[in-house]
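Asker: sequence first, then the predicted structure, then my questions.
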Amino acid sequence: MSLIPSFFSGNRRSNVFDPFSLDIWDPFEGFPFSTAVANLPSSARETTAIANARIDWKETPEAHVFEVDVPGLKKEEVKVEVEDGTILQISGERSKEQEEKNDKWHRVERSSGKFLRRFRLPENAKLDQVKAAMENGVLTVTVPKEEVKKPEVKAIDISA
């Protein structure tokens, strides 16, 4: 087994005339376990590709803000729910593009399938005021926080 992929081999991965065919070299290619993913049904491979939508969660003094990358999805394809009064659930699905019999695909890299992410929210979250907005492929979910009441401090005079 050569450690360097050959540009003159007959496989599709290293076609010297196709600049997009030079994928990352897989050092485990040819080993029995490397075919485990390849043998999965196509629906399982598609689902795993989008299973973990990228999410940032930041806390500001006023709210918890979740930003989710969902490029190419419409707001109708994404769901934001509060479950059991403590769990924020963000889910969605990207449909697979319809294939025509006369189409010849050269590369399929965009993922399709379902995603689901769940977050346990802190006790100070105002779950009845959750807002969601989508712009330029980024879903922003804002969960306002209850104001922290400062403890009342009373000065006590010290007698002699």
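Answerer: Here it is on my side, so go on. Numbering: from 1, shown residues only.
Asker: quick check: next helix or strand after the lowest-mean-pLDDT helix or strand in the chain?
Answerer: Ranking every helix and strand in the chain by mean pLDDT, DSSP states H and E puts helix 42-50 at the bottom, with a mean of 44. Using DSSP states H and E, the helix or strand that follows helix 42-50 in sequence is strand 55-59.
Asker: and residue 128, that one's in a helix?
Answerer: Yes. Under DSSP: H, G, I helix; E, B strand; the rest coil, residue 128 falls within a helix.
Asker: measure it to residue 146 for me?
Answerer: Distance check for residue 128 against residue 146: by C-beta to C-beta, to the nearest Å, it reads 11 Å. C-betas here are computed from N, CA, C, even on glycine.
Asker: of the two, who's got more company?
Answerer: A side-by-side neighbour count of residue 128 and residue 146, using other C-beta atoms under 10 Å, places residue 146 first with 11 against 8.
Asker: what's the neighbour count on residue 74?
Answerer: Applying other C-beta under 10 Å, I find that residue 74 has 10 neighbouring residues.
Asker: so for it, what's the pLDDT?
Answerer: On pLDDT, residue 74 comes in at 90.
Asker: let me know the distance separating it from residue 144.
Answerer: To residue 144, residue 74 is 26 Å away according to C-beta to C-beta.
Asker: and what of residue 85?
Answerer: Counting by C-beta to C-beta - residue 85 and residue 144 are separated by 15 Å.
Asker: the two: which is more packed in?
Answerer: Ranked by neighbour count (other C-beta under 10 Å), residue 85 and residue 144 place residue 144 first, with 18 against 9.
Asker: so where's the chain uncertain?
Answerer: The chain contains residues with pLDDT under 70 at 1-52.
Asker: could you redo the last one with a cut-off of 90?
Answerer: 1-54, 71-73, 84-86, 93-115, 123, 127, 147-156, 160 (pLDDT under 90).
Asker: residue boundaries of the strands in it?
Answerer: 55-59, 63-69, 78-83, 87-94, 113-120, 131-135, 138-144 (DSSP state E).
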